[in-house]
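Visitor: Show me the folded form of this:
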Amino acid sequence: MNNRLSSGALACLLALAAPAAWAQQVALPPVAVQDKTQPSPRLNPDATNRAERLSDYMVRDLRLNGYQAARLRAINAEKTTKLEEAERRNAKNAAALDQQRNGILHERDQELKAVLSTDQYSSYYDARGRYNKADRDFASAATQAATQALVKSVQDPAPERANNATIGPASSKATTRPAGNLGRNAR
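Guide: Predicted coordinates for the structure are as follows:
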């Protein structure tokens, strides 16, 4: 018996292996990489709270059913995240912020047109100024609360602990150890 493969068997083996090798080289779709320097919209509690509060107000006011409420919450979550990003990016440029805000609110109007009934959309459209004012008021109140908390933490850095311990300079008294062996092996 000969341990070598015949040239015909070798050609057959290579012919079968070629499609398998080609299948392994098929390009996969590119993976979207998240920018780690930007906050994740899903993890931004301010945007989530802001969207939930606005959604609750709109659901009650427009008397939405379950499906409409769920779609409205998703739309508001997306648009509020975009608004917060635009507000953060254009904090010093009011004209650019107004332009982006109007664009985002127009997107929301178009998406809600597909979700709401004609009467509900008419009521929404008439009350848009009220909804936008409520949203801006909530956002400014949240910003003011965060600013006040920051100022308080800088002015009063003492930690709040159950035992009322504070951080301060070390006392001048030397700490002494009690007499005797109080180690692990003490009896």
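Visitor: Give the next helix or strand downstream of the helix or strand where N49 lies.
Guide: Using DSSP states H and E, N49 maps to helix 45-62. Proceeding N to C from helix 45-62, the next assigned helix or strand is helix 66-89, under DSSP H and E.
Visitor: can you pull the contacts of the closest residue to T48 other than its chain neighbours?
Guide: Using CB to CB, 6 or more residues apart in numbering and skipping residues adjacent in sequence, the residue nearest T48 is A77, 6.9 Å away. (C-beta placed from N, C-alpha, C; glycine too.) Contact analysis of A77 by CB atoms under 8 Å, 6 or more residues apart in numbering lists 41, 47-48, 51, 55.
Visitor: Same check on S55?
Guide: So S55 contacts 69, 72-73, 76-77 (CB under 8 Å, 6+ apart).
Visitor: Nearest to D135 among those residues?
Guide: Checking these against D135 by CB to CB gives N76 as the nearest, at 8.8 Å.
Visitor: and I75, how far is that from A141?
Guide: 23 Å (CB to CB, to the nearest Å).
Visitor: To clarify, my last question referred to Q100.
Guide: From Q100 to A141 the distance is 22 Å (CB to CB).
Visitor: Comparing the two, which shows the higher neighbour count?
Guide: Ranked by neighbour count (other CB atoms under 10 Å), Q100 and A141 place Q100 first, with 18 against 10.
Visitor: pLDDT score for the more buried one?
Guide: Per-residue pLDDT puts Q100 at 91.
Visitor: Start at 53, not 1
Guide: Fine by me, first position is 53 from now on; the one you just mentioned is Q152.
Visitor: per-residue confidence at the residue nearest to it when sequence neighbours are not counted?
Guide: Nearest residue to Q152 in three dimensions, chain neighbours excluded: A138, at 4.2 Å (CB to CB, 6+ apart). For A138, the model assigns a pLDDT of 88.
Visitor: List the contacts of A138.
Guide: By CB under 8 Å, 6+ apart, A138 lies in contact with 149, 152-153, 156.
Visitor: let's see 10 Å
Guide: The neighbours of A138, taking CB atoms under 10 Å, 6 or more residues apart in numbering as the test, are 148-153, 155-156.
Visitor: Perfect, I'm done here.
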